[in-house]
Structures are given as C-alpha cells and as structure tokens.
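Participant: build me a model:
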Amino acid sequence: MRKQEDGELCTDECRSPMSERNRFFTGKYMTARDFRADQDYTLEHHRLHNRLLHGWGVACGFGVTTHPSEECRDWVIVGPGVALDCFGRELILRDRTPVRIQMCHDAAASADDAHTDEEGADQSASRQLLLCAVYAEEEIEPVPVIYDDCECEPNRREANRIRETVRLEAHPFADFDPSCWGVPGGGDTRCRDDCDTELPAGAEGCVEPECECGVRVPLALLEPGDAGYLVIDTQGRRRLRPPPENLTHVVHTNWVHGGTMTLDELVELRTLKIRFDRKIAEAEGFATGINSETLLVQHAGESDNLEFVPYDVEHPPQLIDECRAEYAIDLNFLGGRRRGGLMGSTIYVTLLADMVLDCHGQAVDGNHVAGRLPSGNGAPGGTFRSWFRIQSSYNEESAS
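Facilitator: Okay, here's the model as predicted:
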C-alpha cells in the first residue's frame, strides 16, 4: 500500500479542468488511459463546481475538543465532519480522531509567563498553532497485474483502489496568511489589487484557484493554557453555508408583530421574550450572544427620533433556559413622567442575529421576512426587527 500526500503546492489533480471526454462507439478499443480520462473529467468539473459555487471551508462537523483523559492533555479529539478545500476537493472524516499536538518549548510555558515582559503579545501569538485538515489519498488493495505492455515483471502488483482520506496536522499560526483565520479586529490581510479583472473572480482565481491557505482547511486555533491543558478556539474557522434546515431561527415572540397593546398591558407584560428553535451559545462579553448590544429596544412617536427603552439594570438583556432571550423593561420608565409620552408611540425590537450564535457556533438565521415566524431567508445571520404600537387604555376610534 502506498500513501500519497499532497504538499503545499497543488499537484496534478488540482490542474485546470479537462476539456475532453470520451466518445463511445461500438468496437472502440479502450485502455486504462480512457477510463482514467472519464474519472478525471467528472472529478475535475465537480471540484470546479464546488470551488466556484460553494467556496471552501467547513460544511459541518469537525468539532475539536480536549482529550477526556488527564494523561493526554497534549491531545485533542477531532470529530467527524465534511469540508471543501480551496481546490474544491471534499474532505470527509468519518470517525472521531485523536491528534497529538506538539508544542515547542517556548509554547509549553504557562499562560501567565507570556505577559511578563513588553513582548508578551508577540510571544502569545508565536505560541499559537493552527490545526488543519488536508486532503490526502491512499492507494490500497494491491492486486497482480495480468498484462503489462511496458514491463515484463511477473510479480508486479498495482493498487486496485484509491481511498480518499483526511490528514490532520498543526502548524504555527504565524506561518499562515492572516485571512486564513477570523480574529476580532482582523489581521494584517493584504489589500487585493484585482480591480481590473472581471468579477466574481479574475483569471487567476477562476480557472486556476488562488489559495491563501494552500491545501489546508483550518479547524481550530490552539495555544497552551493553565496546567498543561490546551485552549481551543474554533470560532475563526471559515464555514460554508449550511442547509436551511440546519440553521437556528426565531420561532416565537410574546408580542404580535405590527399589532397594538395598551400601556397597561405593556406594564403587565414588562419583559419582551424571543424564543429560538435551538440552544443558543452563552454571551462572550459584549462581542457575541444575547446582551445589551445585540438585543435592542427603542421607541418613537410620530414626530420623535428613536430613543432607547431602558432595561432593568438588575436584569439586563440575557439568555434564559438556553433557548429564550429576554429584555426586561425598566418599570420606572413605564411608570414615570414618560408614561404619557408613550401613548401612540411605536416600540421597535431589534436582534442583531449576526452576533448571536447557536450551540454549533452558527449565526442565527434571523431575518424577519414578511413579518412571519419562523424567521430566516436560508442564510446565517441577518437582523430580526419587529415592532408594535402603544395605544391608550380606551378605544381611540370611539373617542375620536
């Protein structure tokens, strides 16, 4: 059995798509070259389709977790998954796979030691590794060669099958282009000078792929933590758009979109609630999750500018029971001097779903299309926006 591993550069199987295919007719003499041509034609055009219409990244799975055994603190477990690399090739990992992470001597120091001098930030960056998946092939099932038109070796054997596999490897994060991994604030990514080429891609990236990350698909950013454990970050990986049925949606609110309620009813309701159809990840400070920056409530009269509705400082916007977001309006605001000014105003509720991630790390499909629930337009992220009007406690039409 011979194992073929791809290097950093593209091999023959990444070449430009074939423009020739077999023409069959009765009595045609065929050799291995003809059969290979059919496979190559199909594979190369399929990979071209993947690359130009879907892009590259993780489609699903490929979760990375620490090893459950304390004796294996320098190991991680990579779960089953599917990804596409920059050349359109499918990477399919079928089983949970342990990977040992070899940190250099400097990287094995404790996390606290990284910030003991002025170059602490640079040291921290140099201690990071990027765990990647790489497409590979293995030639298996050696069988005797019955006829050989080139050599006379009676014992010659050839592989009967090619097995597509995934190789998992870790490399220093500093060796990668900054665009290979998403980080808060971004990195020193180059400004592309391709304005003279036709969109969506010029000749460089259309027929021949242009891959900043080479043949690798980054899965996780690793760095040493306390007590020898590894700190794992998977949020910066590039993801392919998942099927709509795998996305998380807003499925219920405790108000009627475009409806009305009296001020007394709003006081009794007080807490605005949004429910999801999948568990939501906990907030990471003010960056992601349900918090005062991602769940906003505003109000405006017919001639007023939008103003924020204050929340109860003891109960800020937060995630409850993992599937529900709540915004508790400050009762002092509802019962204070602004009470009369709320009559006839509109309450706007906004959820920045781009920053609200579900338990799989995928942004909520939050677009409130046509004012109907469940939300979503089939793509992760978006903005959920809904509103209702405050009327006085008596029937305005009859009073007028």
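Participant: quick one: secondary structure of residue 261?
Facilitator: What DSSP: H, G, I helix; E, B strand; the rest coil gives for residue 261 is strand.
Participant: same question for residue 354.
Facilitator: helix.
Participant: ok, now which ones touch it?
Facilitator: Shown in contact with residue 354 (C-beta atoms under 8 Å, 6 or more residues apart in numbering): 363, 366, 381, 382, 383. Any C-beta I mention is one placed from the backbone N, CA and C, and that applies to glycine too.
Participant: any chance of the residues you listed in CSV, with distance to residue 27 too?
Facilitator: Putting the contacts of residue 354 into CSV (distance: C-beta to C-beta, whole Å) gives the following:
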residue, distance to residue 27
363, 58
366, 62
381, 58
382, 59
383, 64
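Participant: now which of those would you call buried?
Facilitator: Those of those that meet the buried threshold are 363, 366, 381, 382, by 16 or more other C-beta atoms under 10 Å.
Participant: next, count neighbours for residue 189.
Facilitator: 11 (other C-beta atoms under 10 Å).
Participant: OK, contacts around it?
Facilitator: Here residue 189 is in contact with 177, 178, 179 (C-beta under 8 Å, 6+ apart).
Participant: residue ranges with poor pLDDT in the stretch 251-400 of the chain?
Facilitator: 301-304, 336-341, 393-400 (pLDDT under 70).
Participant: now do the strands in the stretch 51-200 of the chain.
Facilitator: 57-61, 64-66, 75-78, 81-84, 90-93, 97-100, 129-144, 157-172 (DSSP state E, counting those that start in this stretch).
Participant: between the ones you listed, which one is nearest to residue 390?
Facilitator: strand 57-61 (44.0 Å; C-beta to C-beta).
Participant: check which residues of that closest one are buried.
Facilitator: Here strand 57-61 shows 57, 58, 59, 60 as buried, counting by 16+ other C-beta under 10 Å.
Participant: also stretch 69-80?
Facilitator: Result for stretch 69-80 [16+ other C-beta under 10 Å]: buried residues 73, 74, 76, 78.
Participant: then stretch 318-330?
Facilitator: Those would be 318, 319, 323, 324, 325, 326, 327, 328, 329, 330, for stretch 318-330 by 16+ other C-beta under 10 Å.
Participant: next one: it to chain centre, how far?
Facilitator: Here stretch 318-330 is found 25 Å from its chain centre; the criterion is C-alpha atoms, centre = their mean, to the nearest Å.
Participant: do stretch 155-172 as well
Facilitator: 28 Å.
Participant: could you do stretch 70-89 as well?
Facilitator: 15 Å.
Participant: again, but for stretch 223-231
Facilitator: 24 Å.
Participant: could you dump that stretch to CSV, C-alpha only?
Facilitator: Extracted C-alpha coordinates of stretch 223-231, given in CSV (Å, rounded to 0.1, in the frame of the first residue of the first chain):
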residue,chain,number,x,y,z
GLU,A,223,-2.5,27.6,22.4
PRO,A,224,-1.2,26.3,25.8
GLY,A,225,-3.3,27.1,28.8
ASP,A,226,-3.0,26.5,32.5
ALA,A,227,-1.8,23.2,34.0
GLY,A,228,-0.7,21.9,30.6
TYR,A,229,-4.2,22.0,29.0
LEU,A,230,-4.8,23.3,25.5
VAL,A,231,-7.0,26.3,24.8
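Participant: in that stretch, which residues are buried?
Facilitator: Neighbour count says stretch 223-231 has 223, 224, 230 buried, by 16+ other C-beta under 10 Å.
Participant: now, the residues you listed that are in strands?
Facilitator: Among the buried residues of stretch 223-231, the ones falling in strands (DSSP state E) are 223, 224, 230.
Participant: give me the number of residues near the closest residue to residue 57 other than its chain neighbours?
Facilitator: Leaving out its chain neighbours, the residue that sits closest to residue 57 by C-beta to C-beta, 6 or more residues apart in numbering is residue 238, at 3.5 Å. Using other C-beta under 10 Å, residue 238 is surrounded by 18 other residues.
Participant: surely residue 238 and residue 182 touch.
Facilitator: Yes. Residue 238 is within contact range of residue 182, at 7.5 Å (criterion: C-beta atoms under 8 Å).
Participant: residue 285 - how many residues pack around it?
Facilitator: Neighbours around residue 285, by other C-beta under 10 Å: 8.
Participant: possible to save the buried ones among the contacts of residue 354 as JSON lines with distance to residue 354 and secondary structure?
Facilitator: Shown next, in JSON lines, are the buried ones among the contacts of residue 354 (distance: C-beta to C-beta, whole Å; DSSP: H, G, I helix; E, B strand; the rest coil):
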{"residue": "363", "distance to residue 354": "5", "secondary structure": "strand"}
{"residue": "366", "distance to residue 354": "8", "secondary structure": "coil"}
{"residue": "381", "distance to residue 354": "4", "secondary structure": "strand"}
{"residue": "382", "distance to residue 354": "7", "secondary structure": "coil"}
